[in-house]
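Q: Any chance you can model this:
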Amino acid sequence: MTGELGKIDILRERLGISYREAKEALDAAGGDLVQALIDFEEKGCNFGERFQARGQEVMGQLKGLLQKGQDYRVKVKKGDETVFEFPASLGALGIVGALASSEIAVLGALGTAAAMAKKYTLEFERRVDPVEKAPDTKIDESDI
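A: Predicted coordinates:
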C-alpha cells in the first residue's frame with residue numbers, strides 16, 4: 001500500500017485526521033509520508049492534542065444542551081394532578097445512566113411499566129422566561 005491513498009490512510013490512522021487534512025499534509029510534504037508526519041508533529045497536531053480539543057468541544061456542546069434542557073420541564077401526572085416535575089436535562093442524564101448501567105435500565109423499565117399500569121402520563125412543557133416576551137406584552141403573575 002505505497003500509493004497516495006495508502007499514504008493518506010496511514011496519516012489518518014496515525015494522526016486521527018480527515019482525508020482532506022491528510023491529503024493536504026501529504027501534498028505539502030511533496031508526497032513524502034515521513035515528512036508529512038514530521039510536519040504534523042512539529043505543528044503540535046498530534047493525536048493526543050486533537051483528542052483533547054475534540055473532547056473539550058463535545059463537553060461544550062453537552063453543557064449547552066443541559067442549559068437548554070433547563071427551559072423544558074417534564075411533568076408526571078395522574079389525571080389533572082401533577083405528581084412530580086423535573087427539568088428535561090435531568091431526564092436526559094437518567095437516559096445516559098440507563099445506557100451505562102443495566103441495573104438502572106431495569107429499574108427504569110419496571111418504573112415505566114408500573115406508571116403505565118397506574119395510568120400516569122408524561123407532559124413536556126417549555127418554560128417561557130418573562131424577559132423573552134415582547135416588550136408590549138402584558139405579564140401577569142400566572143406567567144411567572
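
Q: Which positions within the helix or strand containing residue 27 qualify as buried?
A: In the assignment (DSSP states H and E), residue 27 maps to helix 19-28. Within helix 19-28, the residues that count as buried by 16 or more other CB atoms under 10 Å are 21-23, 25-26. Any C-beta I mention is one placed from the backbone N, CA and C, and that applies to glycine too.

Q: which among these gets closest to residue 7?
A: Set against residue 7, the nearest of those by CB to CB is residue 26 (5.6 Å).

Q: three-state assignment of residue 17?
A: Reducing the assignment at residue 17 to three states with DSSP: H, G, I helix; E, B strand; the rest coil gives coil.

Q: which intervals of this protein have sub-threshold pLDDT?
A: 1-2, 44-50, 69, 92-93, 128-144 (pLDDT under 70).

Q: Show me how the record splits it into domains.
A: 4-45, 65-127 (automatic domain parsing).
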